[in-house]
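Visitor: What follows is a predicted structure for the sequence shown.
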Amino acid sequence: LEYRGTKHLQDYLQALRPDSRNVIHARFKQLPAPTGRISAVEPNILAIPKLDNGAKKKADKEWIYRPHAGRAIVHADYPAIEMRISSVMADDATLITAFKEGLSPHKITAAKISGKSYDEVTSEEKDRAKPVNFGFQYGMFPPTFVDYAFESGLVINLAQAEEFRHAFLDNYSGIRRWHDETNMLLNESDEKIELVSKRTGRSYQVGVIPVRTLVGRRIKAAGLNAALSYQVQGTGADIQKTAVVTLGSKLRQVGLDAQIINMVHDAIYVECAATEKDAVKTILKESMESAVNSLLTEFVTEVDVGEIATGTSTADEAPVIHETETVSQLQR
């Protein structure tokens, strides 16, 4: 795992092409995927590798961001946004109650599979529960989950994967019902396509059905994983784009010296004048919370806001992500 992580980071760095000011400019595409998620190419700054600093990996992948002198980069992200959307899609009482009470779904799952109380769960156990939630909420089966968990740093066998899946579905009965109802629609669908398993090479037929995001946007999906994930990730894309449009409008109205420089699936990064960073943080938080809470009304979602240290140089030491043309057009 360490070798693969290092190799991935090396390949990523070699592909970077900073300009004469040592700034990285990516190209964003607004509608490359069925879900409507934004993508980035040349380079893909939505999939920045984690940097191992010898102690632990920086989960927010902020190592590549470097503000110029006199400027700052502020950012905010939605906590557990896909689990929040899934809870509403599935009308899962356990998850909705957890979010209402400010509890972590990852700690709840960790407590379930470890047999501990919620308060006894350690941060390591919470981290190990994340791939369990992310994998099984979209209908992943144990053989596939073993590989997925390994990629996420969790080494388990098939029997453990079976145990984790049963624990997950037993704990979140609404999610189980959502899976069963979606599977029924797929089985009854008159439209079928043939897929090939990446794991075994075996071909199989799956149903094709239309699914909808929470704003009513229609997406065609084939198979259980796509039918579930398209609804959730599509809704996440709707929320994210609403937040960006709102944010761009508010920044213009106030006249702040700020530009959106990156928008990952659950986070937005804004470069601004260092003297205006507090005002930008407030507007960023308000814009993102307005977008999500107008749609997920079952509970209140608060975004986590942070900043990357104000620049004191011309960023000669390392390439930095800077404003991109497509993001600027989107916020306008």
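Guide: Looks like it arrived, so ask away.
Visitor: Got phi/psi on A258?
Guide: When read as degrees, to the nearest 10, the backbone of A258 gives phi -150, psi 140.
Visitor: With just CA atoms, put the strand ranked longest in the chain into CSV.
Guide: Counting residues, the longest strand found in the chain (DSSP state E) is strand 203-212. This file holds the C-alpha atoms of strand 203-212, laid out as CSV (Å, rounded to 0.1, in the frame of the first residue of the first chain):
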residue,chain,number,x,y,z
SER,A,203,-20.7,-11.1,-18.2
TYR,A,204,-24.1,-10.6,-16.8
GLN,A,205,-27.3,-8.7,-17.6
VAL,A,206,-28.7,-5.9,-15.4
GLY,A,207,-31.8,-3.8,-15.6
VAL,A,208,-31.8,-0.2,-16.6
ILE,A,209,-34.1,2.3,-14.8
PRO,A,210,-34.5,6.0,-14.6
VAL,A,211,-33.6,7.5,-11.2
ARG,A,212,-34.0,11.1,-9.9
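Visitor: avg pLDDT for the helix or strand that comes right after it?
Guide: Once strand 203-212 ends, the next helix or strand along the chain (criterion: DSSP states H and E) is strand 218-222. Averaged across strand 218-222, pLDDT comes to 92.
Visitor: Give the buried residues for strand 218-222.
Guide: Neighbour-count burial for strand 218-222 flags 219, 221-222 (criterion: 16 or more other C-beta atoms under 10 Å). All C-beta atoms are positioned from the backbone trio N, CA, C, and that covers glycine.
Visitor: nearest to V146, of those?
Guide: Of all the buried residues of strand 218-222, V146 sits closest to A222, with 23.5 Å by C-beta to C-beta.
Visitor: roughly how far apart are the closest one and R202?
Guide: As judged by C-beta to C-beta, to the nearest Å, A222 and R202 stand 16 Å apart.
Visitor: Which residues are in contact with the closest residue to D77 other than its chain neighbours?
Guide: Nearest non-adjacent residue to D77, counting by C-beta to C-beta, 6 or more residues apart in numbering: A267, 3.6 Å away. Contacts for A267 (C-beta atoms under 8 Å, 6 or more residues apart in numbering) come out as 60, 75-78.
Visitor: Keep only those of these that are in strands.
Guide: Among the contacts of A267, DSSP E puts 75-77 in strands.
Visitor: Show me which of the residues you listed is closest to K192.
Guide: Nearest to K192 among those, counting by C-beta to C-beta, is D77 at 38.5 Å.
Visitor: Show me the beta-bridge partners of the closest one.
Guide: Beta-bridge partners for D77, by DSSP bridges, are A267, D304.
Visitor: Listing request: residues of the stretch 51-200 of the chain with sub-threshold pLDDT.
Guide: For the stretch 51-200 of the chain, applying pLDDT under 70 flags the ranges 51-63, 197-200.
Visitor: Let me see the ranges of the strands in it.
Guide: Applying DSSP state E, counting those that start in this stretch to the stretch 51-200 of the chain gives strands spanning 71-77, 192-196.
Visitor: Dump the ones you listed to JSON lines, plus distance to Q233.
Guide: Formatted as JSON lines, the strands of the stretch 51-200 of the chain follow (distance: least, C-beta to C-beta, whole Å):
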{"stretch": "strand 71-77", "distance to Q233": "15"}
{"stretch": "strand 192-196", "distance to Q233": "19"}
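Visitor: helices and strands around the host helix or strand of R252, which ones?
Guide: R252 is part of helix 224-254 when elements are defined by DSSP H and E. Helix 224-254 sits against helix 81-90, helix 173-188, strand 203-212, strand 218-222, strand 258-264, strand 267-273, helix 277-293, helix 325-331, with contacts defined as 3 or more C-beta pairs under 8 Å, 6 or more residues apart in numbering; DSSP states H and E.
Visitor: who does the host helix or strand of A40 pair up with?
Guide: A40 is part of strand 39-41, with elements assigned from DSSP H and E. Using DSSP bridges, strand 39-41 pairs in its sheet with strand 27-29 (antiparallel).
Visitor: Can you mark which positions in the partner strand are buried?
Guide: Buried, per 16+ other C-beta under 10 Å, within strand 27-29: F28.
Visitor: avg pLDDT for it?
Guide: 85.
Visitor: if we can go back for a sec, going by neighbour count, list what's buried in the helix holding R252.
Guide: By 16+ other C-beta under 10 Å, the buried positions in helix 224-254 come out as 224-244, 246-248, 250-251.
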